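**Student:** have a look at this prediction, sequence included:
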Amino acid sequence: MCGRFALITPPPRLARYFQAALGEGVEAAPQPSWNVAPTDQVLGVVARHTPADGSLSRTLRPYRWGLIPSWAKDPAAGSRLFNARGETVATKASFRSAFRSHRIIVPADGFYEWHKQNSGRKQPHYFTRADGAPLAMAGISEWWRDRNGPADAPPLYSCSIITTTASQDMEGIHDRMPVILNPDTFDVWLDPDIDDIAELTALVRAAPAGTIVHHPVSPRVGNVRNNDADLVASV
């Protein structure tokens, strides 16, 4: 699973890396955060075709982490749907519509996983890309509107991060990891006109060995109230 991550890089720099425009509301996103947790505001890269020439145009915009299906009665459903298993994302009722037509990239500087040791103690580790680039985690998004609220109320945009079976880069620390996309797959993943399930699920796989590295960090990261640079320091 992926239940905590760090988002430290400023939005303008992320936008340049992902060749995206800054969307409305991005400036208000809480930056930086070394301890992003479900229901927090995160950032996502979404793409749409430009009417003039049909080219893909990317935008970096805010989302609530924890996908709220459009048919949900209230936002509480999102607190449980912060991860989507790659094996069932195309078929599970909560995710299949978003997987077909609302795919995004969720940027991060790194993510955390906990290794259960023989003593029973859980040691957190911090994972980053080996080349120092931002992580591009495969995500899906939805929009939700309160049916009992005002008709002109803005929708709530939410997202989930897709996970898959861990690669050897996880070194037995955890059996799951987020799907990390390489730049040469960004356009295919983000293109809303691509709905070939076989083509899309081919991208839902563990990144090649050597993509990510890790080090142990303080157990302080387990408390969402802790949010400082020391959380990613090696211990």
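**Tutor:** Great, that's in hand. Note that this is a predicted model, so its numbers are computed, not measured.

**Student:** all contacts plus neighbour counts: C-alpha atoms, from now on.
**Tutor:** OK.

**Student:** all helices of this structure, in order?
**Tutor:** 11-17, 96-101, 186-190, 197-201 (DSSP state H).

**Student:** which residues touch the last one?
**Tutor:** Which is helix 197-201. With contacts defined as C-alpha atoms under 8 Å, 6 or more residues apart in numbering, helix 197-201 is touched by 86, 90, 100, 188-189.

**Student:** pull out the buried members of those residues.
**Tutor:** Using 16 or more other C-alpha atoms under 10 Å as the burial test, these include 86, 90, 100, 189 as buried.

**Student:** my guess is the third one meets Ala90, correct?
**Tutor:** Yes: Arg100 is in contact with Ala90 according to C-alpha atoms under 8 Å; the separation is 7.3 Å.

**Student:** low-confidence regions, the chain specifically.
**Tutor:** 28-30 (pLDDT under 70).

**Student:** that one: strands as residue ranges?
**Tutor:** 5-7, 20-22, 33-36, 41-49, 56-65, 83-85, 103-108, 110-116, 122-129, 135-144, 156-165, 176-178, 212-216 (DSSP state E).

**Student:** what pairs with the first one, parallel or antiparallel?
**Tutor:** Going back to what we said before, that points to strand 5-7. Sheet pairing of strand 5-7 (DSSP bridges) gives strand 33-36 (antiparallel), strand 110-116 (antiparallel).

**Student:** also the fifth one?
**Tutor:** Sheet pairing here is set by DSSP bridges, and for strand 56-65 it gives strand 20-22 (parallel), strand 41-49 (antiparallel), strand 156-165 (parallel).

**Student:** relative orientation of the last one and strand 135-144 in degrees?
**Tutor:** Between strand 156-165 and strand 135-144, the angle comes out at 140 degrees (axes from the mean of the first three to the mean of the last three C-alpha atoms, to 10 degrees).

**Student:** chain neighbours aside, what residue packs nearest to Tyr157?
**Tutor:** Once flanking residues are discounted, Tyr157 sits nearest to Trp143: 4.4 Å by C-alpha to C-alpha, 6 or more residues apart in numbering.

**Student:** next one: Leu22
**Tutor:** Using C-alpha to C-alpha, 6+ apart, the closest residue to Leu22 is Leu60 (5.1 Å).

**Student:** right, and the one you found touches Gly23 too?
**Tutor:** Yes: Leu60 lies in contact with Gly23 (C-alpha under 8 Å); the separation is 5.4 Å.

**Student:** more neighbours, those two?
**Tutor:** Leu60 (28 against 18; other C-alpha atoms under 10 Å).

**Student:** any idea how far the more buried one is from Leu14?
**Tutor:** 8 Å (C-alpha to C-alpha, to the nearest Å).

**Student:** who are the contact partners of Gly78?
**Tutor:** Contacts of Gly78 by C-alpha under 8 Å, 6+ apart are 39, 65-69, 158.

**Student:** let me see the backbone angles for the residue lying farthest from the centre of the chain.
**Tutor:** When distances are taken from the C-alpha mean of the chain, Ser119 lies farthest, 31.5 Å away, according to C-alpha atoms, centre = their mean. As for Ser119, its main-chain torsions (degrees, to the nearest 10) stand at phi -70, psi -10.
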